[in-house]
Each structure stands twice: as C-alpha cells, then as structure tokens.
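Enquirer: Just a sequence and a predicted model for now, questions to come.
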Amino acid sequence: MIRLTRLNHIPIIVNADLIEHIDMTPDTIVTLTSGQKYTVLESAEEVVDKVIVFRQKLLSQDPSGLMAPREHSSESESRSR
C-alpha cells in the first residue's frame with residue numbers, strides 16, 4: 001500500500017498492485033485495474049518511487065514498516081488495543 005494525496009490535500013492509501021497506469025496531464029491521474037481514477041498531488045515519478053520503495057520493503061528480510069506510519073490515530077483504535 002502507498003500513501004498518496006488527493007488534490008484537496010486529503011490522504012488516500014492505494015493498493016500499489018492495482019495501479020494500471022499513471023497519466024501525466026497537468027495533474028497526475030492514477031488509474032486502477034478496476035477503472036477507478038484518482039487525481040493526486042504527487043508527480044508520476046513520485047508515485048513510481050513510492051511503489052518501488054514499497055516493493056523493496058516486501059522483498060526485504062524485515063517486512064516491518066510496510067505501511068507508512070499513521071499520522072493520526074483515533075480513540076476507538078487505541079481503546080481496541
């Protein structure tokens with residue numbers, strides 16, 4: 001999973017394995033295999049770099065930290081632990 005940012009600055013987490021292609025219009029548009037499209041702030045190169053880093057972590061000996069650290073945690077998550 002990779003963390004991207006929508007144009008309205010809201011983060012979105014995308015399954016990197018489902019990215020079909022990335023269009024570079026004035027905006028970066030990530031298209032998934034389902035046909036769903038996301039317009040993101042990151043450049044196409046940044047998205048590709050994030051996918052590469054994610055896959056490198058998958059292949060590393062220590063798979064801890066596959067997800068980027070959470071920016072915010074809710075009370076319900078801390079209560080359920």
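Expert: All right, it came through fine.

Enquirer: shaky segments in this protein?
Expert: Scanning the chain for pLDDT under 70 picks out 61-81.

Enquirer: What segments of it are strands?
Expert: For the chain, the strands defined by DSSP state E occupy 2-5, 11-14, 19-24, 28-32, 37-40.

Enquirer: what about the ones you listed, which gets the closest to residue 59?
Expert: Closest to residue 59 of the strands of the chain, according to C-beta to C-beta: strand 2-5, at 15.5 Å. The C-beta positions use only the backbone N, C-alpha and C, and glycine is treated the same way.

Enquirer: Quick one: list the elements packing against that closest one.
Expert: strand 11-14, strand 37-40, helix 44-59 (3 or more C-beta pairs under 8 Å, 6 or more residues apart in numbering; DSSP states H and E).

Enquirer: Which one, of the strands of the chain, ends up nearest to residue 57?
Expert: Residue 57 lies closest to strand 2-5 among the strands of the chain, at 10.7 Å (C-beta to C-beta).

Enquirer: May I see the buried residues of the closest one?
Expert: 2-4 (16 or more other C-beta atoms under 10 Å).

Enquirer: How far away from the center of its chain is that strand?
Expert: The offset between the C-alpha centroid of strand 2-5 and the centroid of the whole chain comes to 3 Å, using C-alpha atoms, centre = their mean, to the nearest Å.

Enquirer: how about the CA coordinates for that strand, as CSV?
Expert: What follows is strand 2-5, C-alpha atoms only, in CSV (Å, rounded to 0.1, in the frame of the first residue of the first chain):
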residue,chain,number,x,y,z
ILE,A,2,1.2,3.5,-0.8
ARG,A,3,0.1,6.8,0.7
LEU,A,4,-0.9,9.5,-1.9
THR,A,5,-2.6,12.9,-1.5
